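1. sequence first, predicted coordinates after that:
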Amino acid sequence: KAGVTQTPRYLIKTRGQQVTLSCSPISGHRSVSWYQQTPGQGLQFLFEYFSETQRNKGNFPGRFSGRQFSNSRSEMNVSTLELGDSALYLCASSSLPSGSDTQYFGPGTRLTVL
Amino acid sequence: LAKTTQPISMDSYEGQEVNITCSHNNIATNDYITWYQQFPSQGPRFIIQGYKTKVTNEVASLFIPADRKSSTLSLPRVSLSDTAVYYCLLAGSYGQNFVFGPGTRLSVLP
């Protein structure tokens, strides 16, 4: 079974631009969560989608948004990029949107904002 | 939201048992506790999960006391390849409250 894939793996943008990151979950998984990882703040929860609906959202500004498609693939978008948005963005998939269900992480997308 | 704390770093020698504790005083009733391992430039990898008491799998054990205000990941006989950052995660049974601990950097020395 293929694991969680994320594209692109690396991205360089400049301040003010916007970016879209993609995540393909493990086949059969319907829940996708997104996390931001930085050296200073660690792993922080962005949002979670299940069956195309956002079920939970972390404490991030509205510049961060996401969506999930009918095939469970998910995208997250960051508009008006700031230097502080430079981070590793990770997505994880699970069968169900439950803390009791194991999340499988992708390799991440490394975003650098100049 | 529950806040979690972990030791920032730990050193160990090959062949020793390592115990890493995560404190979560405000854990919610329906929160599950999951531990992940992360190597540089990779996503976190699942190690073990529990709700209460003790759970054991082929790579680790997880001890959770009755009050659930902490959890301890136990790695038996560590090797150099276990050098990584270890995170605890609290997440509710309804998919709420995803809170990662700050991570513990484990260095295994020969």
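-> Cool, got the structure. The structure presented is a predicted model; accordingly, all values stated were derived computationally and were not measured.
2. quick one: low-confidence ranges for chain B?
-> Chain B contains residues with pLDDT under 70 at B:1-2, B:95.
3. close to chain A: what parts of it are there?
-> Where chain B comes near chain A, counting by Cβ under 8 Å from any Cβ of the partner chain, the residues are B:30-32, B:34, B:36, B:41-46, B:49, B:51, B:87, B:89-103. All C-beta spots, glycine's among them, are computed from the backbone N, C-alpha and C.
4. now the buried members of the residues you listed.
-> B:31-32, B:34, B:36, B:43-44, B:46, B:49, B:87, B:89-93, B:95-103 (16 or more other Cβ atoms under 10 Å in any protein chain shown).
5. can you flag which of the residues you listed belong to strands?
-> Judged by DSSP state E, these include B:31-32, B:34, B:36, B:46, B:49, B:87, B:89-92, B:99-100 as members of strands.
6. dump those to a markdown table, plus distance to B:Glu14.
-> A markdown table is the format used below for these (distance: Cβ to Cβ, whole Å):
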| residue | distance to B:Glu14 |
| --- | --- |
| B:Asp31 | 34 |
| B:Tyr32 | 31 |
| B:Thr34 | 26 |
| B:Tyr36 | 22 |
| B:Phe46 | 24 |
| B:Gln49 | 26 |
| B:Tyr87 | 23 |
| B:Leu89 | 27 |
| B:Leu90 | 31 |
| B:Ala91 | 33 |
| B:Gly92 | 38 |
| B:Val99 | 32 |
| B:Phe100 | 28 |
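7. closest to A:Arg55 out of these?
-> B:Gly92 (10.9 Å; Cβ to Cβ).
8. measure that closest one to A:Phe50 for me?
-> 13 Å (Cβ to Cβ, to the nearest Å).
9. which residues touch residue 84?
-> I went with chain A, as the question did not name one. By Cβ atoms under 8 Å, 6 or more residues apart in numbering or on different chains, the residues touching A:Gly84 are A:Val113.
10. actually, chain B is the one I wanted.
-> Neighbouring residues of B:Ala84 by Cβ under 8 Å, 6+ apart: B:37-39, B:105-106.
11. quick check on it: phi, psi?
-> The phi/psi pair for B:Ala84 (degrees, to the nearest 10) reads phi -170, psi -180.
12. which residues does it form beta bridges with?
-> Following DSSP bridges, B:Ala84 is listed with bridge partners B:Leu106.
13. tell me how many other residues crowd the closest residue to A:Val4 other than its chain neighbours.
-> Nearest residue to A:Val4 in three dimensions, chain neighbours excluded: A:Gly106, at 3.6 Å (Cβ to Cβ, 6 or more residues apart in numbering or on different chains). As a burial measure, A:Gly106 scores 24 neighbours (other Cβ atoms under 10 Å in any protein chain shown).
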